[in-house]
Every structure is written in C-alpha cells, then in structure tokens.
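**Q** Kindly generate the corresponding structure for this input.
(chains A and B, ligands or ions: 2)
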Amino acid sequence: MAVIENAVEATAVAQPPTDKPIINDFAIVVATANGTGSQTANMALLRAIFKMGVPVNGKNIFPSNIQGLPTWYHIRVSQDGYTARRETNELLVAFNETTIYQDVRDLPPGGLCLYNADFRSLPTRDDVTMVGIPVRPFVAESGLKGKLGDYIANMVYVGAMAYLLGVPLAKIDEALDVHFKQRRKFVDSNMAVVRAAYQWANDNIVYNSLYRVEPMAATAGKMLITGNEAAALGAVFGGVSFAAWYPITPSTSLIDALNDYLPRLRRDPETGQATYAVVQAEDELAAIGMILGAGWSGARAMTATSGPGISLMAEFAGLGYFSETPAVIWNVQRVGPSTGLPTRTGQGDVLFTYYLGHGDTLNVILFPASVAECFEFGVTAFDLADELQTPVFVLSDLDLGMNNWMTEPFAYPEQPMNRGKVVTAADLQRDGRFARYLDVDGDGIPYRTLPGNPHPLAAWFARGTGHNEHAVYSEKPQDWENNMLRLRRKFETARQLVPDPIIQEEADAAFGIIAFGTTQYAIDEARDRLAKQGVATGFMRLRGLPINDDVRAFIGRYERLYVVELNRDGQIHKILQTEAPEQAARLVSLAHMDGLPLTARWVVEAIAAQEAGRKEQTSDD
Amino acid sequence: MINETKRGKENKLGLTLKEYKGLPSTLCNGCGHNSIANQIVQVAYELDIEQHTILRMSGIGCSSKSPAYFLGGSFGFNSLHGRMPSIATGALMGNHSLHAIGVSGDGDTGSIGLGQFKHMVRRNVRMVYVVENNGVYGLTKGQFSATADEGQVLKYAGENEFPPVDLCMEAIVAGAGFVARSFSGDAKQVRELLKAALHFNGTAVLDIISPCVAFNNADTSTKSYGYGREHEAPLHDFGWVPPAEEIELNDLEPGETRLVEMHDGSFIRLQKLEEAYDPGNKIAALSRLQTAHDNQEFITGLIYLNESRPTLAEVNRMVATPLAQLGEEVLRPSRQALAALLTEF
Ligand SMILES: Cc1ncc(C[n+]2csc(CCOP(=O)(O)OP(=O)(O)O)c2C)c(N)n1
Ligand code: SF4
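**A** Ligands and ions are numbered 1, 2, ... in the order given. Reported below is the predicted structural model:
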C-alpha cells in the first residue's frame, strides 16, 4: 500500500518548492468579492493562457449571493491536460480583504501571493512570496467609481499576473477580444488598465516568479465553452422549437444561451417571425407541463432546471412517462436536499430522477461528462425522447454547466433527426387502423398520431388514468397489467438506445473504477498517479440509464469496483447493485460530498484507504 | 338539452349531431357538467367545426372528465389536477393552428390550479376555458371548493368559514379579455356564449354554474339548480352572429342593442337588460361582480370583453406553420451556422 500512498503525495502539490522554474503546471486561485465583476478578469487570464496553447480549466467557487460575499476562481494550468480541481493552489490573487488571512494560510510552501497593497493588514508567512500591487491609484486615475472602479481593480491583477507569469499582453488582448465578442471599445478600455498594471509590475516588482507559463501547442483548434452553452447549442442543432423554464441556478445560463442563439438562427430577420418559442413559466410545474403539451403536439420541447425544480416536476414526470409523451429535461445539478448549497456542485439527483413519479415509474437518464457531450446529448436527448416517447432527463452539474472547459469544436450532427413512430394521415389511409398503445413491433414502443391529424382514425385521448391499447379509459386488471408490462418492455428497449459506457481496460488491472459525469477528470488523473506507482486500473464511465449489457459485462470482469460519485449515499452504486444484483457485492461505494468538484487526491486517498483496509482484513484471516 | 329536431340532420360538413359526441357520460344523472358537454356538442355541430382542429383539454375532477364525453373525433388530454393550463399552453404553442376547449372544475381552477389559471389568462393563450363551477369537490365526494359560499354547511366538511373566490373577477384581474358567467340550466345562453368564446382571439373564460346533484344541490346553495333557476339575472340577451351572416340593422334598437365586432368579423349581439351595463369597462365589470356578490345576486352573460390584447402565439411572433410541423431543414441550422457560432468561443 505504500505504493498508493506515494500517489496521494504526488497529487497534493504540483511539485515541491525548488529553485527551478515551474512551467505550465500549477494552479491559481483568485479571491475576490461576489458582484465585483471579476468574471471578465478571470476569464481574460484563463483564456490568455489557453491562447498560449497551454491546457487550462477554470472553476468558479462562488457564494449564493449577488454581492459582497467571498468568491474564488480556480485556474488549473496543466501541461498534461488535467482539468480536475486541485485542493492546493500555488498562486493566489488576494483581492478580498476579508479572506486574505485564510487564503494565504492555504498556500503551500513556495507559493506566491499577489495582493492588493491597499489592504490595511496582511498575514505573514516566511515560506510564501508576497507581492503587493497598489490598486487605488489605478482606480483613481481611471476616474471611475463604484462597480466600474471594482472592474478596474480586477483588471489590475490581470496585468500584474500576466507580468509575473510571463503571459504576453497580446494574449490578454486576444482573450478579451473573444470575451467581448470583438467589441473593441470594451477590449481597449480594459487593456489600458491591464497594460498600466503590467508596466507598473515591470518597473516595481523585483521578484522573479518561479511559476511561469510558456507557449505550447496543446490547445490549437480548441475552444473554451461552458456546459450550459454547449447544451443549448446542442439543443438548437437537435431541433428544439419550444422551451419553457423557470429560473434556477445553475441551469439558468442554459436557457440564457438558447435565448441568445434561437433569435439569431430561427427568426426571419425581415419579418421577425420565429420558428421557435421560449416561455418563462410561472414555476417548474408549469414549465414541464408546457413542454409535455408541446411534446404531445409534436414539437421538440425542453426545459432546464435544477434539484428543487425537479422536485416540483415529479407529478408531471409520471404523467409524461405514463401518457408516453416526449420531452427533454435538463437537470443541471446543484447540492440538495432542499435549497442546500445552491451554487455548489454535486450528483445527488440520480436516484430521485431515475424513479421520478409515483407508482411504477422509470426514467431514461443521460449523463454528459464533457462540454462535447453536452452538445452531443443536446441532440441525442430529443432523438431518444421522440423514439422512446417518454421524458428524457439529462443530468449535468454545476461544475460542467457553469464552468469553462476546453474542447474540440463540436461536430455537426450527421444523423438525420429521429422523430420516432409518428403515424401520418397518409399512413392511416393505407393501414386502415390505429391503436395508440398497441405494441406493434414488440419493442414496447407504440405508434402515435399528432394532434391536428385530420384522418378520422387519428384522434385519441391522452390521460394519466388507466387505458387500454386504444387509449380508452379502462380499469380492467388485465389492461392495466398489459400496459405496465409493455412500458417495461419499452424500458428494456431503452437499454439498447442510451449511449454506451466509455470503457478503458488495462492488462492486470487490480480493480475497476466506475464514474459518471464530471468525476471522470479527477479519476483520469488519479488513475495516472496510480499507474505511475504500478497500480493498473480498469475504468468505465456510465453515460446513461438504464444500464445495458456492456455495463454488466464490465462489472463482471472485476473482483472489486469502486463507484465514485458526488453524493452522500452512493446513488449510482445503489442503482448498479439493484440492476446487477449478481455482482452487487463487488461494487464498493466511494461517495464524496462537500459541494466542490472532485480532486484526484481524494480519489487516490479513498481508494488507498479501501485497499489498505482490505489488506488488513486478509492478513487478519 | 340537445335540440331533438336536429338529430340526424347533417351540417355543412355532412356530419350529424351524433358524430360530435364522445363516450357515454359516467357522471351522475342530472349533473350540470353533462348539460354543458351536450351544449359543446351542439355548438360544434352548429358551427360546422372540424373535430381534428379542436383540442379537448382538462385537469382532474368530475368536470375534467367531461372532455371524454364530447367531440370524440378530436384529440384530447386529461392532464393533472389544476395543471390543464400549462399542458394546453404547450400544446397550443406546439401547434397554434389548433383551437382548444378546456374544461375544469372550481377546485381544479380555483384551488390547486389558481396559479396556472391566472398565468394562462395573462399569457392570453387562444382557447375556451370552461369552469364547471359547482362550489364543491365532486370527484373526491363533497369537500368545499374555493368557490363555496361563506357560511355554507356540508355534511362532512362542516361550515365554510371563508369567502368564495370569484373566478370571473380573478380572470378579469389577470387580464382576460373574454369573461362570462352562465348557468348550465340556461342552455341557450351557454350555447351562445360558447360560440362567441370560440371566436375570441385569446383565452375566453366561461364560469358556468353547474350544480352537483350528489353533493351540493340544496336550494340554499348558490350553486344549486333551484337557486340558479330562481336567481339567474342575465345582464343582457346574448347572441352571436357568424362572420358570414349579414347584420340586419333594422334588428337593432339603438340604446338597447349593441353589436360588438370580433377579430374574425363575427359579432356579439347584446340586447341590454341592464341599461347601464357596459362589458367593455373593466372597472365597471369588477364593480358589478362585487355588487352581485354583496347582494347574493347571480348575474350571467358576457361580463367583460376586450379584444385588444395579442395572443401568446402572436406575442412570440410565430410563423404560420405550427412548430410541430416544421421540417428538419428549418429545425436544424446549417453546418455553416454551427461553424460560425463556434468561432465565438
Ligand atoms: C395533486 C392532486 N391532489 C388531489 C387530487 C384529488 N382530487 C381529484 S378531483 C379533486 C377535486 C375536484 O373538484 P373540482 O375541480 O371542483 O371538480 P368537480 O369534481 O367538482 O367537477 C381532487 C382534490 C388529485 N387528483 N391530484
Ligand atoms: S359528484 Fe357531482 S360533480 Fe361529480 S358527477 Fe356527480 S353530480 Fe356531477
């Protein structure tokens, strides 16, 4: 087990302090106050490094507050392309006086703190380099006050950090150009401050930073995008024509993005006529009701919400399942129960969503892990909902949804849209018969007609009450049973249609690791650490529920499998145990919850502890 | 009651009245809801409505079962308790070429669904929204609904301590442009109001007192047949004139009869019974409803009419083709569009 312990150490800090410069492998944390507009500054820093060809990932660790509370932005710079959060950040931008003592304390030995030299008192640490930059003169010089003054203050640290890290000003300019969508007026005014601060740093800071960024070629052709933007783009290219929603963090930016793209792409610039509609509903009950109504009428309809909204949608989810109405529901998860940690990330809605609805309800779920998958599933979710005639839930999370991730440009969807088994008036004319809930093909998926279909055989009555194959109200035990068994058959068909898991096998793997969603990144890194210590592991990332045979087979190949997830109770672990009961004993839950994105260190430590415990047990025997 | 003489006769579409029916009603014999369903059948037949152009929508309750009993040739959705407005909104956004008749109860609309009701009205979704108002929960057997009379006593529920919700007032306050009250026992008025409502460009709310013979038909209840027959006080004689029909001006006695033109060229003919009543005045309408409430009066007729607000589909400036019928070439933007968007990141 010593082996695994080394792996733990290795993830704590990028490298122990040394006199040698540390290039492209460190983490920065920017501490500011919420509402001071630091987002632009942080994005400028992140994107400038990205533009230098160096892999980055930025994470907002922010409070549920509009103004004043401390907020942190973590930038991971990793030449190896690691994007998981790290517990330790070697570089600190301390621009929040209320947290500076805590922030400096958290720095590792050898770390660097760039602070606002106007602060009244400062913590002292001998093993950390403190670099102060006076901010007040820059703000004073700009003549701007209040919020705009804050803005300037933030651009000051961008200039100073650029100097300290060796980021060329031209890269900051490029980054701001993207950020402000080529509106040069904004770019130029921000660059003026950045330039001045850079110059000041150049003239006054004698410290030669150990941490430096040097150009690489690892991000060429890539882009930085949030999961919610990617999901919205996916929905647009998946053909969304109706969206109804109610604002909730962290899903709001998904609809904001739809409201940005749809008018540009689906509205006639001359007539102003739109081929879509987005309605802000009065609550989540209405939002899902509207998309079910639209789905029933044949439109591609979606909503986006988070945990509390999903709670409200329970009754309609059951109706959608039972009336067999297509709809797409994005759940960008935050931390519950209840209002919980509204601006923190987690994966706690899996069990609830899987069974959402009373009685025997089962829901199809997709688990995107990357921005590319947010785009892909944005499309796929509609195809699945139409094909299976059921609500499809996509479980993203705050980390993926609201943070910026690197990606290859998204591939245009090549498959034509799958609108499922829709029967037209011409079909009816030909067939001469139609029964809404008849299992014609043996796959549990019936045929449907869309409202407005003029054929005399087309009309049917959707209802949440028991019905026979003709959609006629029935309380006959046999009708009920037949219908429910068919619905289960449909769910079996769904197993073959949801995306396959991603599997990476190693020869002589000691054990398997199962992930879903954003835990993948910390696990990737943890597996590399383990591999360096000679511990080979197998890996599977689940991409949807219900599980299919590939998932079962993977589980069957390992004696031990660690199921890693961001919740308390090991929700996917429970579902896998239920769905693969013969292998339930092999599945070990490694469930983590603190509201923060997972780290490689936690994964390695959790596995090390389990493996050590196992060893003790065997030696006791 | 259905006009027996017309049974078997074909309308302009070549359909008989029978062909506008739904499944046989399973509601109690004598339930007001049945009469309303029958009037919907009659009206659809008389207006030569193509059934596939109408959606039948409802929530949950005895009343909400009604859509199963009319227009069997149309698509329907019997949704959740109080949630018909959202389902209808979505359905009519998905296909705004369709029209809808929604049927709800006073519990469905006035209690659990009050929020959705008011929001649908404020969005002005184009549909006819009928509340079959019996002042009681029928399907769950006799609890007070939000429209029950204050001080009323029911066998199990005891005494109702709270003032009733007036759904017409709620609708007007929420921004409805067509608000009427009627009585299921007044078949002619129900019919004419339904016709006008079907030609209204927005949410037309019909609050129809519809006695529950099982749980709330004591003459003392303002939602009973006895009370309705005794106290119905129409604000005007109400008539609806289809767009194609010529208006005979000699029919009109200035000062007594008023013609209101609807967006589609049809007319509402109001022969004033109450000299001062003007359904175009919002405050007057609210005031009249309040007076009626204070005096325990049961006024019926078109209480408020305002055709100026655009519908939800109009606000969203939707293309003529329903969203549900858009082809892939419209739904999926081009390869170039994706490439262009991706340059923004
Ligand atoms: C969420 C929910 N709560 C409660 C019920 C039970 N329920 C069914 S019908 C009904 C009341 C119906 O009363 P009303 O809308 O006035 O219609 P009526 O039966 O009187 O026509 C209730 C409470 C339900 N179906 N769903
Ligand atoms: S219980 Fe009342 S409302 Fe229900 S069907 Fe019977 S009479 Fe009508």
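**Q** Could you use CA atoms for every contact and neighbour count after this?
**A** Will do.
**Q** May I have the beta-bridge partners of residue A:516?
**A** Beta-bridge partners recorded for residue A:516 (DSSP bridges): residue A:542.
**Q** In contact with it: list those residues for me.
**A** Taking Cα atoms under 8 Å, 6 or more residues apart in numbering or on different chains, we find residue A:516 in contact with A:367, A:368, A:369, A:541, A:542, A:543, A:564, A:565.
**Q** Give me the most central residue, chain A.
**A** Against the mean C-alpha coordinate of chain A, by Cα atoms, centre = their mean, the closest residue is residue A:400 at 2.0 Å.
**Q** Leaving out chain neighbours, which residue sits closest to that one?
**A** Leaving aside its sequence neighbours, residue A:400 sits nearest to residue A:227 (Cα to Cα, 6 or more residues apart in numbering or on different chains; 5.1 Å).
**Q** what about the residue in the stretch 201-350 of chain A that ligand 2 sits nearest to, how many neighbours?
**A** Among the residues of the stretch 201-350 of chain A, residue A:319 lies closest to ligand 2, at 22.9 Å counting by Cα to the nearest ligand atom. Residue A:319: 25 surrounding residues under other Cα atoms under 10 Å in any protein chain shown.
**Q** That one reaches residue A:464, doesn't it?
**A** Yes. Using Cα atoms under 8 Å, residue A:319 makes contact with residue A:464 at a distance of 5.6 Å.
**Q** what sits in contact with each of these two?
**A** Both residue A:319 and residue A:464 are contacted by B:79, B:80, under the criterion Cα under 8 Å, 6+ apart.
**Q** Could you give the number of residues near whatever residue of the stretch 201-345 of chain B ends up closest to ligand 1?
**A** Nearest residue of the stretch 201-345 of chain B to ligand 1, counting by Cα to the nearest ligand atom: residue B:212, 7.1 Å away. By the criterion of other Cα under 10 Å, residue B:212 has 29 neighbours.
**Q** List the contacts of it.
**A** B:31, B:32, B:134, B:136, B:138, B:223, B:224.
**Q** which residue sits closest to the last one, ignoring its sequence neighbours?
**A** I take that to be residue B:224. Counting by Cα to Cα, 6+ apart, residue B:217 is the residue found nearest to residue B:224 once chain neighbours are left out, at 4.4 Å.
**Q** any chance you could read off phi and psi for the one you found?
**A** With angles defined as degrees, to the nearest 10, residue B:217 sits at phi -120, psi 20.
**Q** SS state for residue A:491?
**A** For residue A:491, the assignment made with DSSP: H, G, I helix; E, B strand; the rest coil gives helix.
**Q** okay, it: pLDDT?
**A** Per-residue pLDDT puts residue A:491 at 98.
**Q** List the residues that contact it.
**A** With Cα under 8 Å, 6+ apart, residue A:491 has these contacts: A:362, A:364, A:444, A:546.
**Q** Kindly confirm my reading that the residue nearest to the centre of chain A is in a helix.
**A** Yes. According to three-state DSSP, residue A:400 belongs to a helix.
**Q** Would you mind confirming that it makes contact with residue A:229?
**A** No. With contacts counted by Cα under 8 Å, residue A:400 stays clear of residue A:229, the gap being 10.2 Å.
**Q** What sits closest to the closest residue to ligand 1 within chain A if chain neighbours are left out?
**A** Ligand 1 sits closest to residue A:315 of chain A, with a gap of 7.6 Å, by Cα to the nearest ligand atom. In space, and not counting its chain neighbours, residue A:315 is closest to residue A:357: 5.7 Å by Cα to Cα, 6+ apart.
**Q** Good, we can wrap up now.
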